[in-house]
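# sequence and predicted structure are below.
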Amino acid sequence: MSDRAPFWLLAALLCIVFFTGGSSWDSEPQLMLLRPSAFLIAGCAILTLRWEHIARHWIVCALFLGTVLLTAAHLVPLPYAWWSAIPGREIIVEIDKVAGLGQISRPLSMSPDATLNALYSLSVPMSVLLLAVQLSVAGHQRILLLLLGLAGLSGLFGLLQAGGSDITFYPAQASTSGLFANRNHQGALLALLIPMAAAVGALGFGGRGSLFARVAVAPAVTMISIPLLLVTGSRSALVVAAVGLVFALLIWSSGQRRDGRAWWLRLALPLTLASSVAALVWMTGFAARDVAIDRLGGDEDDLRWPVWQSIIDMLPHYMPWGTGVGSYAQAYQILEPDKLLRPTISNHAHNEFLEVVLTAGVPGLVLLGLAAAALLLSLWRAFSSKAGQEPAAIFSRLGAGMIVLLAIASATDYPTRTPILAAVFVLAAVWASTGRQAADTPKLHQGPK
């Protein structure tokens, strides 16, 4: 069955997401276009969805369904005797008494509006998932090229902003953040360009196009992304990019045909590329544009460590059910230490793993554990000696690597809460799950040997 309709729908959705989904705030006016579009496209995707599409990627679909059900469960009204006995709800009980509301029903979430917003935010990854599972390997190759172009466009906007342009997409947008409101999220996307470019080089696209992709496009994208990443000023993105280079080399080397060339000839291009990247880093620093490197040695007031410690101290108060998905900003204020009070609020924990445990409790921790197990299985399949060199196997390596990079970025920030990186994360998960079906996937011509 042709995947033409799902491909064009997914391509249109990604274009909409990149220009309207660069912020995690629920007050952005762009959401009035983004979320209805996502629901509409998801409805169209269901019309062409078949059971075999879900069966091919059942692990990803099951984990996403678990996320949706857990979020929705936090909105179900519970009898007073049930919700009032949940740890951490004593303050709500007292407020109800003072307000004279009586013993009313309430959901598990301490902030139902925030949880409802979290449920609505799943519309974008849901739509991407419903479309991505329907694509053939060739369709995913075209989506990868589109993703490279959109990410590069965000980098271009960041470069223009670094040059003094006042182009902005959000009211509270950081400088050099491209299509994002946050420069760390921009840096995470640019770091993902590196393994994606390596996958383009390893895949090729047939005939002369394959040679061009291997020799020109992939190295050029990688070399261009490094200065763009340094200009963003994101310290965490430097770490993500360094790991991304490792995955890029693994993807490139594992995708090469085992011909009669000497090992040093097969490594010539990766080594040349690595040397060029090092030279670009030095040149960017020499030009005094290495904002991220300068910030590494800075003594900025970073509240992440004390906030994380305070969250760890709060966990026993709200276990085992948590405060409610999406309710971090409201729940944190209740027990926020006085010494951490600032004019601005702590909107996120800047550590996704801690925030998931605080807001989703033990069930959220179980979902994280299952996702981690699925990722480890995918990494083992993708990079084991039994893995092949066909396009499906290369996509499996790329997807698993991208998830690792986003997990590293999520340790100090919240990138996947933006619709852009949530969409990219779902694509990576679908790609990672193609490893188990690689043997059954028809091989695409990758050019002359």
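Done, it's in.

# gap between the residue of the chain positioned farthest from its centre and Phe7?
Distance to the chain centre peaks in the chain at Gly100, reaching 44.4 Å (criterion: Cα atoms, centre = their mean). With distances taken as Cβ to Cβ, to the nearest Å, Gly100 is found 58 Å from Phe7. C-betas here are computed from N, CA, C, even on glycine.

# likewise Trp82?
47 Å.

# those two: who's more crowded?
Phe7 (21 against 12; other Cβ atoms under 10 Å).

# would you mark the buried spots in the helix or strand that one falls within?
Assessed by DSSP states H and E, Phe7 sits inside helix 4-20. Buried positions in helix 4-20, judged by neighbour count with 16 or more other Cβ atoms under 10 Å: 6-7, 9-11, 13-14, 16-20.

# cool, stretch 48-58 as well?
Within stretch 48-58, the residues that qualify as buried are 48-49, 53-54, 56-57, counting by 16+ other Cβ under 10 Å.

# any idea of the mean pLDDT for the helix or strand that contains Ala202?
Remark: Ala202 resides in helix 183-203, with elements defined by DSSP H and E. The average of the pLDDT scores along helix 183-203 is 90.

# which residues touch Ser154?
18, 22, 178-180, 186, 189-190 (Cβ atoms under 8 Å, 6 or more residues apart in numbering).

# 6 Å instead, please
178-179 (Cβ atoms under 6 Å, 6 or more residues apart in numbering).

# before we move on, back to that, against which helices or strands is the helix holding Phe7 packed?
helix 31-48, helix 123-132, helix 137-162, helix 419-432 (3 or more Cβ pairs under 6 Å, 6 or more residues apart in numbering; DSSP states H and E).

# ok, and what's touching it?
Contact with helix 4-20 is made by 30, 33-34, 37, 41, 44, 48, 127, 131, 134-135, 139, 146, 150, 179, 419-420, 423, as judged by Cβ under 6 Å, 6+ apart.

# redo that, cut-off 7 Å
Helix 4-20 is contacted from outside by 30, 33-34, 37-38, 41, 44-45, 48, 124, 127-128, 131-132, 134-135, 139, 142-143, 146-147, 150, 154, 179, 419-420, 423, using Cβ atoms under 7 Å, 6 or more residues apart in numbering.

# tell me the buried residues within those residues.
In the contacts of helix 4-20, the ones that pass as buried (16+ other Cβ under 10 Å) are 30, 34, 37-38, 41, 44-45, 48, 124, 127-128, 131-132, 134-135, 139, 142-143, 147, 150, 154, 179, 419-420, 423.

# the biggest helix by length in the chain: which residues count as buried?
For the chain, the helix reaching the highest residue count under DSSP state H is reported as helix 352-383. Applying a neighbour-count criterion of 16+ other Cβ under 10 Å, the buried positions in helix 352-383 are 352, 354-361, 363-365, 367-368, 371, 374-375, 377-379, 381-383.

# what angle sits between the helix or strand just after it and helix 137-162?
Following helix 352-383 in sequence order, the next helix or strand is helix 391-410 (DSSP H and E). Interaxial angle of helix 391-410 relative to helix 137-162 (axes from the mean of the first three to the mean of the last three Cα atoms, to 10 degrees): 30 degrees.

# for helix 391-410, buried residues please.
Quick answer for helix 391-410 (16+ other Cβ under 10 Å): 391-410.

# just checking, what packs against it?
Under the contact criterion of 3 or more Cβ pairs under 7 Å, 6 or more residues apart in numbering; DSSP states H and E, helix 391-410 touches helix 137-162, helix 183-203, helix 235-254, helix 352-383, helix 419-432.

# off-centre distance for the third one?
Which is helix 235-254. Its chain's average C-alpha position is 15 Å from that of helix 235-254, according to Cα atoms, centre = their mean, to the nearest Å.

# how about the CA coordinates for that helix, as PDB?
What follows is helix 235-254, C-alpha atoms only, in PDB (Å, rounded to 0.1, in the frame of the first residue of the first chain):
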ATOM      1  CA  ARG A 235      26.500  24.500  27.500                       C
ATOM      2  CA  SER A 236      24.400  21.300  27.700                       C
ATOM      3  CA  ALA A 237      24.300  21.200  23.900                       C
ATOM      4  CA  LEU A 238      28.100  20.900  23.800                       C
ATOM      5  CA  VAL A 239      27.900  17.700  25.800                       C
ATOM      6  CA  VAL A 240      25.100  16.400  23.600                       C
ATOM      7  CA  ALA A 241      27.000  17.200  20.500                       C
ATOM      8  CA  ALA A 242      30.100  15.400  21.700                       C
ATOM      9  CA  VAL A 243      28.100  12.200  22.300                       C
ATOM     10  CA  GLY A 244      26.400  12.900  18.900                       C
ATOM     11  CA  LEU A 245      29.800  12.800  17.200                       C
ATOM     12  CA  VAL A 246      30.400   9.400  18.700                       C
ATOM     13  CA  PHE A 247      27.100   8.100  17.400                       C
ATOM     14  CA  ALA A 248      27.700   9.700  14.000                       C
ATOM     15  CA  LEU A 249      31.000   7.800  13.700                       C
ATOM     16  CA  LEU A 250      29.300   4.500  14.700                       C
ATOM     17  CA  ILE A 251      26.400   5.100  12.300                       C
ATOM     18  CA  TRP A 252      28.800   5.900   9.500                       C
ATOM     19  CA  SER A 253      31.200   3.000  10.000                       C
ATOM     20  CA  SER A 254      28.400   0.400  10.500                       C
END
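
# which strands or helices does it pack on?
Counting contacts by 3+ Cβ pairs under 7 Å, 6+ apart, helix 235-254 packs against helix 183-203, helix 218-232, helix 268-286, helix 291-296, helix 391-410.
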